[in-house]
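Novice: Please work out how this folds:
(one chain, ligands or ions: 1)
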Amino acid sequence: MIIIYVLLYNGMISRKAKIRFGIVGFGVAGRIHAEAIRNVYCAELVAICDISERKREMARRLYGVSVYADLVNMADDDEVDAVSICLPHHLHASATITFLQMQKSVLCEKPLATSVADAQLMIKAAQASNTMLGVVFQHRYEMINQFIREEINQGLLGKIISTSVSVKWQKNPVYYRGWQGNISESGGGVLINQAIHFIDLAQWFNGGGKEVYGMSITARDHLSVEDNAIALVVYKNGAVGAIDCSTCANPMMGSGLDIIGSNYSIRTRDGEIVSWGRKSSNEIESLNEKFRQHGKFKPKQNHYGYGHALQIQDFIQSIQEVKQPLVTGEDGLSALKIVLAIIESAKTQEKVTLC
Ligand SMILES: NC(=O)c1ccc[n+]([C@@H]2O[C@H](COP(=O)([O-])OP(=O)(O)OC[C@H]3O[C@@H](n4cnc5c(N)ncnc54)[C@H](O)[C@@H]3O)[C@@H](O)[C@H]2O)c1
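Specialist: Numbers count the residues shown, from 1 in each chain. Alright, predicted model coming up:
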């Protein structure tokens, strides 16, 4: 007893209250969040909202939580401190603002919104209500990307010359029959849905985007969103890069980054290092093993990675300690600006300068 008191007194054991989470949208992402929240210290899942009665029933059965059909009623629930927004993209802004105005912190799935104006309103709503707004880019939390960011920060790569993104996945017709295939609900295709994770990493490593020139095609006739896109990017630090993404490739053909620094280069694919400067294949394998152990991660089996629980943990800490999380609303906006600029450039066939 005395030992516990001494540890508490010295700040070595946290006595912080649990953050009670709600989830809005209990589909693919909602279920990932539910499992992640259950695995995070200091988090408790207390409510789930979905318009589908079947999903509400599933949520009640799996987690024994309060369920809501209307998110406005969940925003009124005093038992909810924070929410994960896991809705189709066009609903992110209105849902997030509803919760922020009720003093609930919001962790919103990517993309932050489908327009820059909406994203800016969300950021302002968080500032006005003194609550936290975070955007899910879970790959930032994986050890491999933390490791790369640290090498860059320490100047070990030298000056970054280029950073290119490659995302080659397969999404079948059933996937595109949902909101994902409809531009008014998704705001775009492969760029805003899949490539945005890697575009975010690239812009995080290079201090944001400055200019883009993009091209896209829709290979499947019935879609109103692009399923292939190519873009050239100039980042704020002067580095250049290509973005090459498709959902028409072989399943899990791979995704990752090529970062070329003046001292050495790094290539990643599917959460592992493929090439790292002059490191031998044994050294690279032992690094990859470390990364796999960190997330108990099986590359190629799960393209969502293992960062959701780590991001939720960081978000909780940001609420408890009243400090910004690693991925803020502004970060979500920076990645979104690049994506929307590529979509615009593909339409106008003009270079777009980001402001
Ligand atoms: N970070 C990741 O790796 C990752 C993975 C998958 C999806 N996502 C993101 O998560 C979000 C949701 O995607 P998903 O694949 O889970 O979609 P989904 O279609 O599987 O789930 C969306 C859920 O929202 C519910 N819904 C729709 N309108 C609603 C409303 N007004 N109120 C309450 N519930 C409503 C639907 O019934 C459905 O259950 C998107 O932003 C997507 O980009 C992120």
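
Novice: can you confirm Leu232 is in a helix?
Specialist: No - following the definition DSSP: H, G, I helix; E, B strand; the rest coil, Leu232 is strand and is not counted among the residues of a helix.

Novice: Tell me where the stretch 51-200 of the chain has helices.
Specialist: 53-63, 71-75, 92-101, 116-129, 143-153, 173-177, 183-186, 190, 196-205 (DSSP state H, counting those that start in this stretch).

Novice: now the third one and helix 116-129, what's the angle there?
Specialist: Translated: helix 92-101. Using axes from the mean of the first three to the mean of the last three CA atoms, to 10 degrees, the interaxial angle of helix 92-101 with respect to helix 116-129 works out to 10 degrees.

Novice: quick one: is helix 92-101 near the ligand?
Specialist: No - with CB under 6 Å from any ligand atom as the threshold, helix 92-101 lies outside contact range of the ligand, at a closest distance of 6.5 Å. From N, CA and C alone the C-beta is placed, and that goes for glycine too.

Novice: What's the mean pLDDT across that helix?
Specialist: Taken as a whole, helix 92-101 carries a mean pLDDT of 98.

Novice: thought Gln194 was touching Ile243?
Specialist: No - here Gln194 lies out of contact with Ile243, judged by CB atoms under 8 Å, at a distance of 11.3 Å.

Novice: Tell me which of the helices of the stretch 51-200 of the chain sits nearest to Leu340.
Specialist: Using CB to CB as the criterion, the shortest distance between Leu340 and the helices of the stretch 51-200 of the chain is 6.4 Å, found for helix 116-129.

Novice: list the helices and strands that closest one packs on?
Specialist: For helix 116-129, the contact count by 3 or more CB pairs under 8 Å, 6 or more residues apart in numbering; DSSP states H and E identifies helix 92-101, strand 133-135, helix 329-348 as packing neighbours.

Novice: neighbouring strands for the helix or strand following the longest one, and are they parallel or not?
Specialist: What that stands for is helix 329-348. Heading C-terminal from helix 329-348, the first helix or strand you meet, by DSSP states H and E, is strand 352-353. Based on DSSP bridges, the strands next to strand 352-353 in the sheet, each with its direction, are strand 209-217 (antiparallel).

Novice: Run through the stretch 1-150 of the chain and note the low-pLDDT ranges.
Specialist: The stretch 1-150 of the chain contains residues with pLDDT under 70 at 1-16.

Novice: So which bits of it are right by the ligand?
Specialist: The interface of the stretch 1-150 of the chain toward the ligand, taken as CB under 6 Å from any ligand atom, is made up of 24-30, 49-52, 55, 71, 86-89, 91, 109-110, 136, 138.

Novice: so what's the residue of the chain found nearest the ligand up against?
Specialist: For the chain, the residue closest to the ligand is Gly27, as judged by CB to the nearest ligand atom, at 1.9 Å. Remark: with contacts taken as CB atoms under 8 Å, 6 or more residues apart in numbering, Gly27 is in contact with Asp50, Lys55, Cys86.

Novice: State the distance from the second one to His92.
Specialist: In other words, Lys55. The gap separating Lys55 from His92 is 18 Å, by CB to CB, to the nearest Å.

Novice: Neighbour count for the two, which is higher?
Specialist: When Lys55 and His92 are compared on other CB atoms under 10 Å, the one with more neighbours turns out to be His92, at 28 against 18.

Novice: Check the helices and strands packed on helix 116-129 for me and report the most buried one.
Specialist: Per-residue neighbour counts averaged over each of those give the maximum for strand 133-135, namely a mean of 29 (mean count of other CB atoms under 10 Å).

Novice: Run through the stretch 151-300 of the chain and note the low-pLDDT ranges.
Specialist: Confidence mapping of the stretch 151-300 of the chain against pLDDT under 70 gives the ranges 297-300.

Novice: list the contacts for the closest residue to His33 other than its chain neighbours?
Specialist: When the adjacent residues along the chain are set aside, His33 lies closest to Ser84, with 4.3 Å between them (CB to CB, 6 or more residues apart in numbering). Shown in contact with Ser84 (CB under 8 Å, 6+ apart): Phe21, Gly22, Ile23, Val24, Gly30, His33, Ile37, Leu107, Cys108, Glu109, Val136, Ile312.

Novice: what secondary structure does the last one sit in?
Specialist: Secondary structure state of Ile312, per three-state DSSP, is helix.

Novice: Could you pull up the contacting residues of it?
Specialist: Applying CB under 8 Å, 6+ apart, the residues contacting Ile312 are Phe21, His33, Ala36, Ile37, Val40, Ala43, Ser84, Leu107.

Novice: Wait, the third one touches Gly305, no?
Specialist: No - the pair Ala36 and Gly305 does not pass the contact test of CB under 8 Å, sitting 11.5 Å apart.

Novice: which neighbours do the two share?
Specialist: Between them, Ala36 and Gly305 share no neighbouring residue, with contact defined by CB under 8 Å, 6+ apart.

Novice: which residue sits closest to Gly189, ignoring its sequence neighbours?
Specialist: Spatial nearest neighbour of Gly189, excluding adjacent residues (CB to CB, 6+ apart): Val225 at 3.2 Å.

Novice: Check the gap between that neighbour and Ile192 for me.
Specialist: 8 Å.

Novice: list residues touching both of the two?
Specialist: Shared contacts of Val225 and Ile192 (CB under 8 Å, 6+ apart): Ser186.

Novice: what sits against the residue minimising distance to the centre of the chain?
Specialist: Nearest to the mean C-alpha position of the chain, by CA atoms, centre = their mean, lies Phe137 at 1.9 Å. If you count contacts by CB under 8 Å, 6+ apart, Phe137 has them with Lys110, His197, Asp200, Leu201, Gln311, Val327, Asp331, Gly332, Ala335.
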